[in-house]
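Asks: Turn this into a model:
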Amino acid sequence: PRSRYSLTSEPLLEVVYLSGASTDVVVLKHRDDEVRLDDLSLEAECSASDHKRYTVSDSGFAGLGVFSAIAIARGELILREWPLLIYPHLLPYHSKLAPENAYRELEVALSKMSVAHRDTFNLLANSHPEEPSRAKGIVDTNALHIGFLPGTDHQYAAVCRDLSRVNHRSEFTPDCDVSF
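Replies: Numbering: from 1, shown residues only. Got it, this is the predicted structure:
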């Protein structure tokens, strides 16, 4: 089922809550984009046995990270998961609001998440403590660029429970590729 929430009388962005058999995802999208997640052919999350391929543990220098738990062949799928949040790369900043509330659409999107997903989102690292909006700091720290979605004219990013913990910096993970 889809529910749409208008943010203002003429919103630039709107929140679409998509629910499926295995998960739900909150999409903060441009009003004129027709995000069709059905076209993305996202499969269900990996089975329980697939989770034995990796662990999430303290990296010793940058919070929690994803680490291989077994020898993994080049090109082998390690992890597949639905995002917690999909959003446009460029979020509107409302300069007339208090800095901690300046990303209003992001806050509305987070409020539409299930409690479990919102708690998971809030446990992700925030490497931008100078950012007044904690949610924006978490997004800036954990975003994975996913590009154009089917039916859209804008670039998008996603925040995931475990994939966002994979080190994004290529100098640390030169043989690792995260794709959507």
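Asks: rest of the way, CA atoms for contacts and neighbours
Replies: OK.
Asks: if I look at Pro132, how far off is Leu97?
Replies: Taking Cα to Cα, to the nearest Å as the measure, Pro132 and Leu97 are separated by 12 Å.
Asks: These two: which has the busier surroundings?
Replies: The residue with more neighbours, out of Pro132 and Leu97 and counting by other Cα atoms under 10 Å, is Pro132; that gives 15 against 11.
Asks: which residues does that one contact?
Replies: Shown in contact with Pro132 (Cα atoms under 8 Å, 6 or more residues apart in numbering): 99-100.
Asks: State whether it is indeed within a strand.
Replies: No: Pro132 sits outside any strand when classified using DSSP: H, G, I helix; E, B strand; the rest coil, being coil.
Asks: So what's the predicted local confidence for it?
Replies: Confidence per residue is given as pLDDT, and for Pro132 that number is 93.
Asks: Going along the chain, name the helices of the chain.
Replies: When secondary structure is read from DSSP state H, the chain shows helices at 104-111, 115-123, 134-142.
Asks: quick one: low-confidence ranges for this structure?
Replies: Scanning the chain for pLDDT under 70 picks out the ranges 1-24, 31, 35-51, 62, 167-180.
Asks: Show me the strands in it, by range?
Replies: In order along the chain, the chain carries the following strands (DSSP state E): 2-5, 13-19, 24-30, 54-58, 64-68, 85-88, 144-148, 155-159.
Asks: Tell me which of those strands sits most buried.
Replies: For the strands of the chain, average neighbour numbers computed from mean count of other Cα atoms under 10 Å are highest in strand 85-88, which has a mean of 24.
Asks: Report the strands that pair with it, each with its relative direction.
Replies: In the sheet, strand 85-88 lines up against strand 24-30 (parallel), strand 155-159 (antiparallel) (DSSP bridges).
Asks: Relative to Gly65, which of those strands is closest?
Replies: Proximity to Gly65 (Cα to Cα) singles out strand 155-159 among those, at 14.3 Å.
Asks: Sort out which residues of stretch 130-145 are buried, please.
Replies: Taking 16 or more other Cα atoms under 10 Å as the neighbour-count basis, stretch 130-145 is seen to contain the buried residues 133-145.
Asks: quick one on the thing from earlier: quick one: the strands of the chain as CSV, columns for distance to Leu110 too.
Replies: CSV is the format used below for the strands of the chain (distance: least, Cα to Cα, whole Å):
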stretch, distance to Leu110
strand 2-5, 12
strand 13-19, 10
strand 24-30, 8
strand 54-58, 23
strand 64-68, 22
strand 85-88, 8
strand 144-148, 17
strand 155-159, 12
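Asks: Please work out how many residues are found near the residue lying closest to Asn142 once chain neighbours are set aside.
Replies: Excluding its sequence neighbours, the residue lying closest to Asn142 (Cα to Cα, 6 or more residues apart in numbering) is Ser164, at 5.0 Å. Close neighbours of Ser164, defined as other Cα under 10 Å, add up to 21.
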